[in-house]
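Engineer: Show me how the following folds:
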Amino acid sequence: MSQGFKFGGSSSCDIPVAAAAPASGVSFAFKKPETVAPSPVLGSSFTPASVSTSSSVSSAVSSSAHTPETVTAPQFSLAFAMLENEWRKMEWGEEAREKLLESVRSFKPASESVSEARILLIGPVGAGKSSFISSVQSVFSGRVINRAMVGSSSSTSFTKKLRSFNITGSGEKADEATALVLCDVMGVGEGESTGLTLHDALSVIKGHTPEGHQFSPDQPVGSDTEGFIRSPRTKDKVHCVVFVVDGSKVGSYAKSFGATFQHLREHSSSLGVHQVALVTHADQVCKATGSDISQVYRSLTLQQTMEKAGALLGMATSYIVPVKNYSSELDVDENTDVLLLRAVDHILQYANLYFLDNSD
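Structural biologist: Numbers count the residues shown, from 1 in each chain. Sure, this is the predicted structure:
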C-alpha cells in the first residue's frame, strides 16, 4: 500500500493516496455492517462503502469463494484533504511573528548606492496586489489599514498610476521607515488594450517611469513622457518582481496571462532582476485554511493550487508563497501576520540578490 494522508482537521483516518480496485472474486467484509456514519469532524464526507444493511454485506460475502479480507471503510472529504506533515516547515505564533518583524525591520540592501529595495507587484486585475501592500503595512501598524486603495471590480483595474509605498515601522519605531518599498501598478488585462502593457511594465522595471505616472495602453511610456527618467540609477530601478495571482482563480486564468507572465520573466531575467510569486486568497482555496491559516502547508488542495500557479508563471514552486490578505477584518491576526511577513522575507532575499549581482 502506498503512503497515506490524513484527511480532516483532527480526523485520524488514514487513507492510501491511490487505492486499487478489489481483484475479481475478492469481497470486502466490514467490521461493522451498519451504515457508515459521516465523520463528525468533516461533516458531509465521501464514504466509498456506503452500505446500509447487513444483508447486502452478507450477500457480497456469500457470493465469494475466497475468505473475505477485513478492512475499515475509509471516510474522508476531498474538500478537507490534509497532509499529515507540513510540506514546508513553518514556525507559527507570537515568537515567530516577532522574529520575522525584526528580520524585515533590520534588512539593509547589500549595496552602498541604495537604502531601499524597490519591489514591483504585477498581476491580473483583482489578484490582490494593492491588498497585499495594505496588509503588510497593517502588520507593522498593528491594526488593519487600507493604505493602498483597493477597488471592488474584478474586471477593471482600480490602480491606474505607479505608486510607491514605503513600509513604516510600528510601536516605538512608528516613524522609522523600513528598507522595503512596494510598488503598485495597473493590473494586467487579458490583452494589451485592457491593462498594463509589457512595454510599460519593463519601463517601470528599468527605472524610466516617474512616480505618479498614469498608465494608458495607447500612450506608452517614452522619452516624451512627462518626468521620464532618461538615465535611471540603481535606486530608480526595480530590484525584484513579484507576480501576484489569485489562488481561487488560478485554474481559470486565460492562456494570454501565462504568455504575458513568461515574457515578463524572460525580460526581467535579462535585466538581472529576480522574480518570485504570491498566491493570494489562501484562505479561500481550502476550507481548512479558511478556519485556521496555520494549516496552509498541510493543505493538499493548496499545494496543488501552487503547482498550477507555477505552471501558469513558468516557475518552480520554491519561488512561490501563499498569503492571506486582510480584507473584511478590523484587527490583525497573529498567524496571518506570520504568513505575510514570511512572504516579505522571501521577497527581500531575492531583492538582495540584485544588489549582490548588480552595481552602478
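
Engineer: State the phi and psi torsions of the residue nearest to the spatial centre of the chain.
Structural biologist: Residue closest to the average C-alpha location in the chain (CA atoms, centre = their mean): Val279, at 1.9 Å. Torsion angles at Val279 (phi, psi; degrees, to the nearest 10) stand at phi -110, psi 110.

Engineer: One more: Ala127?
Structural biologist: phi -70, psi -20.

Engineer: OK, contacts around it?
Structural biologist: Gly187, Val244, Val245, Asp246, Thr280 (CB atoms under 8 Å, 6 or more residues apart in numbering). C-beta coordinates here come from the backbone N, C-alpha and C atoms, glycine included.

Engineer: give me the number of residues near the last one?
Structural biologist: Number of residues near Thr280 (other CB atoms under 10 Å) recorded here: 27.

Engineer: What ranges does the stretch 201-350 of the chain have for its helices?
Structural biologist: 255-270, 282-285, 287-291, 300-313, 334-357 (DSSP state H, counting those that start in this stretch).

Engineer: Would you mind saying which of those helices lies nearest Ala179?
Structural biologist: Judged by CB to CB, the one of the helices of the stretch 201-350 of the chain that comes nearest to Ala179 is helix 334-357, at 8.2 Å.

Engineer: Shouldn't Ile167 be within a strand?
Structural biologist: Yes. Under DSSP: H, G, I helix; E, B strand; the rest coil, Ile167 falls within a strand.

Engineer: quick one, what contacts it?
Structural biologist: Val104, Val136, Gln137, Phe140, Ala177, Thr178, Leu180, Val181, Leu182.

Engineer: one more time with 10 Å, if that's ok
Structural biologist: Ile167 sits next to 104-105, 116, 119, 133, 136-137, 139-141, 147, 177-182, 344 when contact means CB atoms under 10 Å, 6 or more residues apart in numbering.

Engineer: what pLDDT does it get?
Structural biologist: Looking at Ile167, its pLDDT stands at 93.

Engineer: can you check Ser327 too?
Structural biologist: Model confidence at Ser327 (pLDDT) stands at 89.

Engineer: Skipping its backbone neighbours, what lies nearest it in space?
Structural biologist: Ser131 (6.5 Å; CB to CB, 6 or more residues apart in numbering).

Engineer: three-state assignment of that neighbour?
Structural biologist: helix.

Engineer: Next, work out how far apart it and Gly187 are.
Structural biologist: Distance of Ser131 to Gly187, given as CB to CB, to the nearest Å: 12 Å.

Engineer: okay, the two: which has more neighbours?
Structural biologist: Neighbour count, other CB under 10 Å: between Ser131 and Gly187, Gly187 has more, with 27 against 22.

Engineer: The more buried one against Thr197, yeah?
Structural biologist: No. Under the criterion of CB atoms under 10 Å, Gly187 is not in contact with Thr197, lying 11.8 Å apart.

Engineer: got any residues that touch both of these two?
Structural biologist: Phe215.

Engineer: Contact partners for the closest residue to Asn335 other than its chain neighbours?
Structural biologist: Once flanking residues are discounted, Asn335 sits nearest to Ser294: 4.7 Å by CB to CB, 6+ apart. For Ser294, the contacting residues are Glu86, Met90, Glu91, Trp92, Gly93, Ala96, Glu334, Asn335, Thr336, Val338, Leu339, by CB under 10 Å, 6+ apart.

Engineer: so how far is Ser252 from Ser318?
Structural biologist: The value you get for Ser318 to Ser252, if CB to CB is used, is 24 Å.

Engineer: So for these two, which residue has more residues nearby?
Structural biologist: A count of neighbours by other CB under 10 Å puts Ser318 above the other of Ser318 and Ser252, at 10 against 7.
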